[in-house]
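# build the 3D model from these lines:
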Amino acid sequence: MFVGLALEPSQPLTAAKVVDASGALVPNGTVGELWLRGRAVTTGGYWLQPSVTAAAVDARGWLHTGDAAVLDDGGYTSILGRIRDVVVRGRGAPPILAPAVERSILLLGEPSLRDCAVVGVPHPDRPREQQVAAWLEVDAALLDADAAALVSRLRQHLQSTLAMETAST
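Now for the predicted structure:
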């Protein structure tokens, strides 16, 4: 666990940390939310929006960025995406970045598939874990087979995509 200095040397007094949903530091290599504090971070808040400022900057001056990040042992931060775009699958399982899975589904080239959205949904048996779910917008006029066949192809693709995403994280 590390609270590092960000933006060195131009802004040596900007601190960064990666925390869990409760604000506790996470171990290095664990995905959490990036928080920043210092001279390079907003001090006056959002212009004429005190409620937005109160939601984003806590009483100790930490800006809750909403960025999903990982801090390594050397103090370097990798931004993975936005917190709301990360599917947290539970202890020991690497997180899944929803936009990457959405792109892979759309790159399949299914002619009937117009759009998709991938999100995390609560796991029915494990309250702190999520499952990956995909919502699909399909043009029924272009569907070349029954919907069950399309879902089966996408489910198989999604399982292999998640396996690759897991291996690369």
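# low-confidence stretches in this structure?
1-13, 43, 144-145, 161-169 (pLDDT under 70).
# one more pass at 80, please.
For the chain, the stretches flagged by pLDDT under 80 are 1-14, 39-46, 75, 81, 84, 86, 88-95, 127-128, 140-147, 158-169.
# just the strands in it please.
4-6, 14-19, 32-37, 63-71, 77-82, 86-87, 96-97, 113-122, 130-138 (DSSP state E).
# quick one, what contacts the closest residue to residue 90 other than its chain neighbours?
Sequence neighbours aside, residue 129 is the residue nearest to residue 90 in space, at 3.4 Å (criterion: C-beta to C-beta, 6 or more residues apart in numbering). In short, each C-beta sits where N, CA and C put it, glycine included. Applying C-beta atoms under 8 Å, 6 or more residues apart in numbering, we find residue 129 in contact with 88-91, 93, 122-123.
# the protein - how does it break down into domains?
4-82, 88-168 (automatic domain parsing).
# circling back to that earlier point, redo the strands of the chain as TSV? Include mean neighbour count and distance to residue 105.
Listed next are those as TSV, based on neighbours: other C-beta atoms under 10 Å; distance: least, C-beta to C-beta, whole Å:
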stretch	mean neighbour count	distance to residue 105
strand 4-6	17	35
strand 14-19	21	29
strand 32-37	22	26
strand 63-71	19	20
strand 77-82	15	17
strand 86-87	21	14
strand 96-97	22	13
strand 113-122	15	5
strand 130-138	15	7
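# now those strands as JSON lines including distance to residue 50?
Below are the strands of the chain laid out as JSON lines (distance: least, C-beta to C-beta, whole Å):
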{"stretch": "strand 4-6", "distance to residue 50": "26"}
{"stretch": "strand 14-19", "distance to residue 50": "23"}
{"stretch": "strand 32-37", "distance to residue 50": "19"}
{"stretch": "strand 63-71", "distance to residue 50": "15"}
{"stretch": "strand 77-82", "distance to residue 50": "23"}
{"stretch": "strand 86-87", "distance to residue 50": "29"}
{"stretch": "strand 96-97", "distance to residue 50": "33"}
{"stretch": "strand 113-122", "distance to residue 50": "31"}
{"stretch": "strand 130-138", "distance to residue 50": "33"}
